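# Here is a sequence with its predicted model. Questions after.
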Amino acid sequence: MSTQSERLPTKAERDLTPWIVAHRPAKATVNPWEPNGFFLEDERSATGEILRCAGVLLTNKECPWHCLMCDLWKHTLAQTVPPGGIAAQINHALTRLEGRPEQIKLYNSGSFFDPGAIPPDDYPAIAETIACARHVVVEAHPRLIGEKALRFRDLLNGSLEVAMGLETVHPEVLPRLNKRFTLEQFAASVEFLRKHGIQVRAFVLVKPPFLKDGEAIDWAVKSARFAFDCGAGVVSLIPTRLGNGALDLLMRSGEFSPPSLSTLERSQEGCLALNSGRVFADTWDLEQFSSCGVCFQQRRQRLHSINLSQKVLPPVSCAHCQGT
């Protein structure tokens, strides 16, 4: 297989985004020396261990792709962070979190291997700041996988995993998300990473725009199967959220509606049935997908327990909503 070509979108490709950008609400004011957020959580490892994981939501320049469903741009800078800024943000988070995390996720508003978002000259300082971690997860666009990933891998004390947004394998929906990669490019990026000893997780959208309710679960499972077949070890299921402007407009036109909590639950069960890798359901801000306040907390806890055990648990019974 040939080496990946690390390439940002061309001007012609960027010209496809005006409609998405035009319907955005205002950005938040952010500080280049502090992360957008940070948290501790437990996550099941490839060996079955439950690791204490620190998540750091880095503040950096906006991703150049402008994906249709993305809302991460809300907390971005107009320019690249100053030298030392990313390491300072990570240190800000780690000194305020309790204990020493075994795993660290460096999640950001763009692609870790985009030099406009994360300056490559800062890789050594970043690696030194996270030297306590046995495992590090970063996220990047599939078209930016190449030498920079290897360079960062070689600086770490522990192992590296790259998370990439596959989103969906639906042949008509994927091109409309403005991701601007093909399934062949995604597969090639996974192959490159795995060949060089880097683990992969794939983000899969549950009910992206332009899918009907009855199709959502089936396409989530199909997308997970594709990711696992490529070589991903983890699939993270992300329920598609309103609030970025473009999706709100598509909802008014009848081309999008958020998934129900039941759709996320059944998608996780279907992906776990593939028995091909770990499947995590994203539980952040989950209440917006629930229509029942009576059973919500139990159902959220069930999803969390499945994330940790990787075993489907009995559904929560609720007389008020019948599990919808």
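Noted; the coordinates are in hand. Numbers count the residues shown, from 1 in each chain.

# Cys63 versus Leu72, what's the distance?
Going from Leu72 to Cys63 by CB to CB, to the nearest Å gives 7 Å. (C-beta placed from N, C-alpha, C; glycine too.)

# And Glu102, by the same measure?
Distance from Glu102 to Cys63, by CB to CB: 28 Å.

# quick one, which of those two is more surrounded?
Cys63 (23 against 18; other CB atoms under 10 Å).

# Walking through the protein, point out its strands one by one.
37-44, 50-57, 103-107, 135-139, 159-167, 199-206, 234-239, 278-281 (DSSP state E).

# related to what we said a few turns ago, tell me, what's touching Leu72 and Cys63 both at once?
Residues touching both Leu72 and Cys63 by CB atoms under 8 Å, 6 or more residues apart in numbering: Ser109, Gly110.

# Low-confidence ranges, the protein, go.
Applying pLDDT under 70 to the chain picks out residues 1-16, 323-324.

# what residue is smack in the middle of it?
Phe203 (5.0 Å; CA atoms, centre = their mean).

# correct me, but that one touches Leu166?
Yes. Phe203 is within contact range of Leu166, at 6.4 Å (criterion: CB atoms under 8 Å).

# Isn't Val294 up against His320?
Yes. Using CB under 8 Å, Val294 is in contact with His320, at 4.6 Å.

# List the contacts of Cys67.
So Cys67 contacts Ile20, Gly165, Glu167, Leu177, Asn178, Lys179 (CB under 8 Å, 6+ apart).

# sorry, that was for Lys27
Per CB under 8 Å, 6+ apart, neighbours of Lys27: Trp73, Lys74, His75, Thr76.

# Mind picking the one among these that's closest to Pro32?
Relative to Pro32, the closest of the contacts of Lys27 is Thr76; by CB to CB it sits at 10.3 Å.

# measure the closest one to Phe289 for me?
Thr76 is 25 Å from Phe289, by CB to CB.

# Next: Gln103.
Distance of Gln103 to Phe289, given as CB to CB: 26 Å.

# circling back: would you turn the strands of the chain into JSON lines with distance to Glu269?
Output for the strands of the chain, formatted as JSON lines (distance: least, CB to CB, whole Å):
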{"stretch": "strand 37-44", "distance to Glu269": "16"}
{"stretch": "strand 50-57", "distance to Glu269": "21"}
{"stretch": "strand 103-107", "distance to Glu269": "25"}
{"stretch": "strand 135-139", "distance to Glu269": "24"}
{"stretch": "strand 159-167", "distance to Glu269": "19"}
{"stretch": "strand 199-206", "distance to Glu269": "12"}
{"stretch": "strand 234-239", "distance to Glu269": "11"}
{"stretch": "strand 278-281", "distance to Glu269": "9"}
